[in-house]
Every structure is written in structure tokens, then in C-alpha cells.
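S.K.: Please find the sequence and the predicted model below.
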Amino acid sequence: MSLYFVIINQANRYWSKQQEWVDHDESVKWVRYEHHDDALNALVEMSVKDPGLRARVKQIDPT
């Protein structure tokens, strides 16, 4: 399995497929991006809608 990327906010919550922030223990709900560019584009779009958002792209190794 390869690396993937997720979006995590300042409260250490992860962006989910339901377009809401979820906790670390709900990893099955996380949006996983195969490419860093895709995750970064999603983060930019989110930041435009919410200028106060403090989030980052995090690389995850599933092993």
C-alpha cells in the first residue's frame, strides 16, 4: 500500500468524507488523497470558504 494524504485542522481533527471534522479514532471516515496536490487544492478551497481555518496536509503511511 502506498502513502496517502489527509487534511488535519488546528484542533487535530481530520476532514471526513461527510465534509465535517472528525477525531483520530474515526479514521475510516477520513478523506484520503493519493496525491499531495489534490489534498492541497482541497485545502485551498476550504480556506477560501473559511478564512479563519488553520489546517494542513499531513502524509500518512498506512502500515
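M.R.: Received it, and whenever you're ready, just let me know what you need. What you see is a predicted model; the values in this text were computed from it and never measured. Residues are numbered from 1 along each chain as shown.
S.K.: Now Arg54. Nearest residue, chain neighbours left out?
M.R.: Excluding the flanking residues, the one nearest Arg54 by CB to CB, 6 or more residues apart in numbering is Gln10, at 4.0 Å. To be clear about C-beta, it is placed using only N, CA and C from the backbone, and glycine gets the same treatment.
S.K.: tell me, how many neighbours does Tyr14 end up with?
M.R.: With neighbours defined by other CB atoms under 10 Å, the count for Tyr14 comes to 22.
S.K.: what is the residue lying closest to it once chain neighbours are set aside paired to in the beta sheet?
M.R.: Closest residue to Tyr14 apart from its sequence neighbours, by CB to CB, 6+ apart: Trp30 at 4.7 Å. For Trp30, the beta-bridge partners under DSSP bridges are Ser16.
S.K.: Please name the residues that touch the nearest residue to Asn9 once chain neighbours are set aside.
M.R.: Leaving aside its sequence neighbours, Asn9 sits nearest to Ala55 (CB to CB, 6+ apart; 4.3 Å). By CB atoms under 8 Å, 6 or more residues apart in numbering, the residues touching Ala55 are 7-10, 15, 43, 46-47.
S.K.: Inside strands: which ones of the residues you listed?
M.R.: Using DSSP state E, the subset of the contacts of Ala55 located in strands is 7-9, 15.
S.K.: how about low-confidence regions in this protein?
M.R.: 1, 63 (pLDDT under 70).
S.K.: Next up, the contacts around the most centrally placed residue in it.
M.R.: Centroid-nearest residue in the chain, with CA atoms, centre = their mean: Ile7, separated by 1.7 Å. Shown in contact with Ile7 (CB under 8 Å, 6+ apart): 14-15, 31, 39, 42-43, 46, 55-58.
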